[in-house]
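1. quick one, fold the following:
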Amino acid sequence: KHYTRNSINSLTDTSQYHVEHLTTFVLDRKDGMITVDDGIRRLRLLDAKGKVWTQEILLQVEEKSISLIDQETKNELENFPIGSIQHCQAVMNACSYDSILALVCKESGQTKPDLHLFQCDDIKANLIHADVESAMMDAKGGKVKKRPETLKMILKSDGVIPPPPPAPAPEPPEASNQVDIKSRVAAWSQILNHILDDIEFFVTKLQKAAEALNELSNRKKTKKSKKKGPGEGVLTLRSRPPSEDEFIDCLQKFKHAFNQLGKLKDHIQNPSAVDLVHFLFAPLRMVVQASGSVDLARSVLVPLLTREAIDFLHASGTAEERHLWVALGDGWTKCRLEWPKDFYFPPCVLTFRDGWEPPVLLEGTLGRDQELNHLYCICVLSLFLFIMLLCSCFLNTFDVDSQTKVFAKSKYDFVARNSTELSVLKDEVVEVLDDRKQWWKVNGAGGCGYVPNNILEMTKAVDISSRGEPIYSHTIQVRGEGPQLVHSGVQFHETGSDLLKKFQVPSRGGGGSLPSVSITYDSSPDDVRGWLEAKGFSPVTITSLGVLTGAQLFSLNKDELKTVCPDDGARVYSQVTVQKAALEVELPDTSSSKQTK
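-> Prediction:
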């Protein structure tokens, strides 16, 4: 809101908004692209395939034009006269991009109009739409100008998300003093998963920059005049290579990945750690080449590779891979013990693009005396908890209402922007822990955190297990023969059959039995249809998915479900995940041979 006041001047009729450019389509009947709705459907398909590349820019609205401005350099990328704007529309909650501004522009000399789509987070699309519409109406003439009043309305609007809460998020439970190997393997796998995610993001950014540069080059070859054509400003921005700091961060992530593989080499398969080493060297070569030479990579000393990681690379790398690795210098091939004791290495904190923080592992074991003392404390604590449990049973008999909890339902999707906030999905039910301020502290399927109160409404429902989708799309999932870490089509297999299982909490009166209407891997299409109907899904969803068997439905991932059922896909994925988790608990023996995705 502070930024809004500083970026909107109702006296000069100039306003600026932080937006993300999603994509631009040419409206052409031959391509089936006629309306804004057609563009939103195409955007959904691109998003499901991971082919949407966002670019942060400033959208500036003035009396006679709309400009797109580079956020960093403040250079103007595009300029659309108000008269060239044929249509402006706000599209809310249509897909994972929940606040889309659509602009249809056709400048002089263009045979077909362009459809530009922007995601609007700081100021919602419906408010920016009102600004653009008022500018278009004023441009058509009229005694009374409408835009100044519209700008004042936007300034007073409470339709923006309030600032982050001043209080820190609730502290997670203290880790135990002893971490077994399964927990360490799970943590290492999660860290590797996020490292690969960031590497994939950076390499995709390089590829998009190369594509934009190639497109600009082709346009310059065929263009007759020196005047900048439509869309060239955004293409110029997209073709800009990543900064040196981004290159260094990515190269450090490769080193972290090799260290994690050194730890996981005996614990993962399908693919194995050796397979993943081969998988990593291809993008590593691309990043080194894109940086201009090996000099930048040779300058990246930290983090140093561990001895087990170095031995593993020597044993598993091909001759070509080892040649590239050795060319990167001592910072990549020597462990700490091979450097002088007084040689200073700067700290290297592992951070991730999405703000995720690695779990803290307490390595080592307790001494014998400490172990006995620890055991004694556990016994005393257990006795104390047992006494408290008995007391609470008597208290609950007389004062049931004192334990009443307060729940709220989310009206919209909300994505956490830092570690203090909590991501929630539309229609997700959360327990309200503190509702005294603008940001409510809540407890949901993703843990504890803060959510803005203007997206919540009180409800009597108490089922907080039906989250639409997980916070992270790459998670450790349980299969019959052991947990598997799934990342962009690559699966990491762990030993052990009971690690990180997602247990479905049984109701207090129902024991541990499955719901009365449920499906299994052996369910017929009729069973699946009945289950979908019982869950209250739309007729379109029931018709689309009701032809599948239970095993076929379980095999679909979230993106596939959202592509088939844009409106219900996330909720179907949530219910299928809960159903599979229930089967893991109820039928551990019979489900061991099933392979789910």
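
2. drop to CA atoms for contacts and neighbour counts, all remaining ones
-> Will do.

3. quick one: Val349 from Leu261, how far?
-> When distance is defined by C-alpha to C-alpha, to the nearest Å, Val349 is 18 Å away from Leu261.

4. out of these two, which sits in the more crowded spot?
-> The neighbour count for Val349 versus Leu261, taken as other C-alpha atoms under 10 Å, is higher for Leu261 (25 against 8).

5. from memory that one sits against Asp275, does it?
-> No - here Leu261 does not reach Asp275: they are 10.4 Å apart, not a contact under C-alpha atoms under 8 Å.

6. quick one: mean pLDDT over the helix of greatest length in the chain.
-> Criterion DSSP state H: the longest helix present in the chain is helix 181-222. Mean pLDDT, helix 181-222: 84.

7. quick one: list the elements packing against whichever helix or strand comes after that helix.
-> Downstream of helix 181-222, the first helix or strand assigned by DSSP states H and E is helix 232-238. With contacts defined as 3 or more C-alpha pairs under 8 Å, 6 or more residues apart in numbering; DSSP states H and E, helix 232-238 has these neighbours: strand 76-81, helix 181-222.

8. hmm, try it at 6 Å
-> strand 76-81 (3 or more C-alpha pairs under 6 Å, 6 or more residues apart in numbering; DSSP states H and E).

9. which stretch of helix or strand covers Asn443?
-> In this structure, Asn443 is located in strand 439-444 according to DSSP H and E.

10. indicate each strand paired with that strand and its parallel or antiparallel sense.
-> Within its sheet, strand 439-444 is paired with strand 429-434 (antiparallel), strand 447-452 (antiparallel), according to DSSP bridges.

11. which residues sit against that strand?
-> Contacts of strand 439-444 with the rest of the structure, by C-alpha atoms under 6 Å, 6 or more residues apart in numbering, involve 430-434, 448-453.

12. for stretch 135-142, same thing?
-> With C-alpha under 6 Å, 6+ apart, stretch 135-142 has contacts from 63, 145, 147.

13. the residues you listed in helices, which ones?
-> Counted as lying in helices by DSSP H, out of the contacts of stretch 135-142, are Arg147.

14. per the record, what domains does the chain have?
-> In the domain annotation for the chain, the residue ranges read 8-157, 182-212+239-356+372-395, 407-459, 525-585 (the TED database).

15. mind putting these into JSON lines with distance to Asn218?
-> Formatted as JSON lines, the domains of the chain follow (distance: least, C-alpha to C-alpha, whole Å):
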{"stretch": "domain 8-157", "distance to Asn218": "18"}
{"stretch": "domain 182-212+239-356+372-395", "distance to Asn218": "10"}
{"stretch": "domain 407-459", "distance to Asn218": "39"}
{"stretch": "domain 525-585", "distance to Asn218": "33"}
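
16. ok, of the contacts of stretch 135-142, which come out buried?
-> Burial by neighbour count, 16 or more other C-alpha atoms under 10 Å: within the contacts of stretch 135-142 this picks out 63, 147.

17. looking at pLDDT only, which of the contacts of stretch 135-142 scores worst?
-> Lys145 (84).

18. phi first, then psi, for it.
-> phi -80, psi 130 (degrees, to the nearest 10).

19. how about it, nearest residue that isn't a chain neighbour?
-> Nearest non-adjacent residue to Lys145, counting by C-alpha to C-alpha, 6 or more residues apart in numbering: Asp138, 5.8 Å away.

20. same question for the helix or strand where the one you found lies, mean pLDDT?
-> When elements are defined using DSSP H and E, Asp138 is found to belong to helix 125-139. In this model, helix 125-139 has a mean pLDDT of 91.

21. compute the inter-axis angle for it and strand 76-81.
-> Between the direction of helix 125-139 and that of strand 76-81, the angle (axes from the mean of the first three to the mean of the last three C-alpha atoms, to 10 degrees) works out to 50 degrees.

22. buried set for helix 125-139?
-> 125-136, 138.

23. repeat that for stretch 426-443.
-> Using 16+ other C-alpha under 10 Å, the residues of stretch 426-443 that count as buried are 426-433, 438-443.

24. leaving out the residues flanking it, which one is nearest to Cys95?
-> Ranked by C-alpha to C-alpha, 6+ apart and with sequence neighbours excluded, the top spatial neighbour of Cys95 is Arg44, at 6.6 Å.

25. wasn't that neighbour part of a helix?
-> Yes - residue state for Arg44 (DSSP: H, G, I helix; E, B strand; the rest coil) corresponds to a helix.

26. count of neighbours near it?
-> Using other C-alpha under 10 Å as the criterion, the residues surrounding Arg44 number 21.

27. could you measure from it over to Leu22?
-> 11 Å.

28. dump stretch 319-334 to CSV, restricted to CA.
-> Output of stretch 319-334 as CSV, limited to C-alpha atoms (Å, rounded to 0.1, in the frame of the first residue of the first chain):
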residue,chain,number,x,y,z
ALA,A,319,36.4,-39.5,-19.0
GLU,A,320,34.8,-36.4,-20.6
GLU,A,321,33.0,-35.5,-17.3
ARG,A,322,36.2,-35.8,-15.3
HIS,A,323,38.1,-33.6,-17.8
LEU,A,324,35.5,-30.8,-17.3
TRP,A,325,35.6,-31.3,-13.6
VAL,A,326,39.4,-31.1,-13.2
ALA,A,327,39.4,-28.1,-15.5
LEU,A,328,37.4,-26.2,-12.9
GLY,A,329,40.4,-26.1,-10.6
ASP,A,330,41.4,-26.9,-7.0
GLY,A,331,38.2,-25.4,-5.6
TRP,A,332,36.3,-28.3,-7.2
THR,A,333,38.8,-31.1,-6.7
LYS,A,334,40.4,-30.7,-3.3
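
29. got the buried residues for it?
-> Residues of stretch 319-334 classed as buried: 321-322, 325, 328-334 (neighbour count, 16+ other C-alpha under 10 Å).

30. please apply the same query to stretch 264-281.
-> Under the neighbour-count criterion of 16+ other C-alpha under 10 Å, stretch 264-281 has 264-265, 267-269, 272-274, 276-277, 280-281 buried.

31. so which of the domains of the chain comes closest to Gly233?
-> Comparing these against Gly233 with C-alpha to C-alpha, the closest turns out to be domain 8-157 (3.9 Å).

32. compute the inter-axis angle for whichever strand in the chain runs longest and helix 125-139.
-> Ranked by number of residues, the top strand in the chain under DSSP state E is strand 14-26. With the same axes, to 10 degrees as the criterion, the two stretches strand 14-26 and helix 125-139 enclose an angle of 100 degrees.

33. who does strand 14-26 pair up with?
-> Sheet pairing for strand 14-26, assigned by DSSP bridges, gives strand 8-9 (antiparallel), strand 55-61 (antiparallel), strand 114-119 (antiparallel).

34. how much space separates Ile82 from Gln16?
-> The spacing between Ile82 and Gln16, counted by C-alpha to C-alpha, is 16 Å.

35. thinking again about what came up before, so what's the gap between the longest strand of the chain and the chain middle?
-> Distance of strand 14-26 from its chain centroid, counting by C-alpha atoms, centre = their mean, to the nearest Å, is 21 Å.

36. identify the residues contacting that strand?
-> With contact meaning C-alpha under 6 Å, 6+ apart, strand 14-26 is reached by 7-8, 54-62, 114-120.

37. just the C-alphas of that strand, formatted as CSV.
-> Only the C-alpha atoms of strand 14-26 are listed here, as CSV (Å, rounded to 0.1, in the frame of the first residue of the first chain):
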residue,chain,number,x,y,z
THR,A,14,0.3,8.9,-13.9
SER,A,15,0.4,5.5,-12.1
GLN,A,16,2.9,2.6,-12.0
TYR,A,17,2.3,-1.0,-11.0
HIS,A,18,4.6,-3.9,-10.4
VAL,A,19,3.4,-6.7,-12.7
GLU,A,20,4.8,-9.9,-14.2
HIS,A,21,4.6,-10.3,-18.0
LEU,A,22,3.4,-13.9,-18.6
THR,A,23,3.2,-14.2,-22.3
THR,A,24,2.0,-12.5,-25.5
PHE,A,25,-0.3,-14.2,-28.1
VAL,A,26,-1.3,-13.1,-31.6
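
38. how about it: buried residues?
-> By neighbour count, and taking 16+ other C-alpha under 10 Å as the criterion, the buried residues in strand 14-26 are 14-26.
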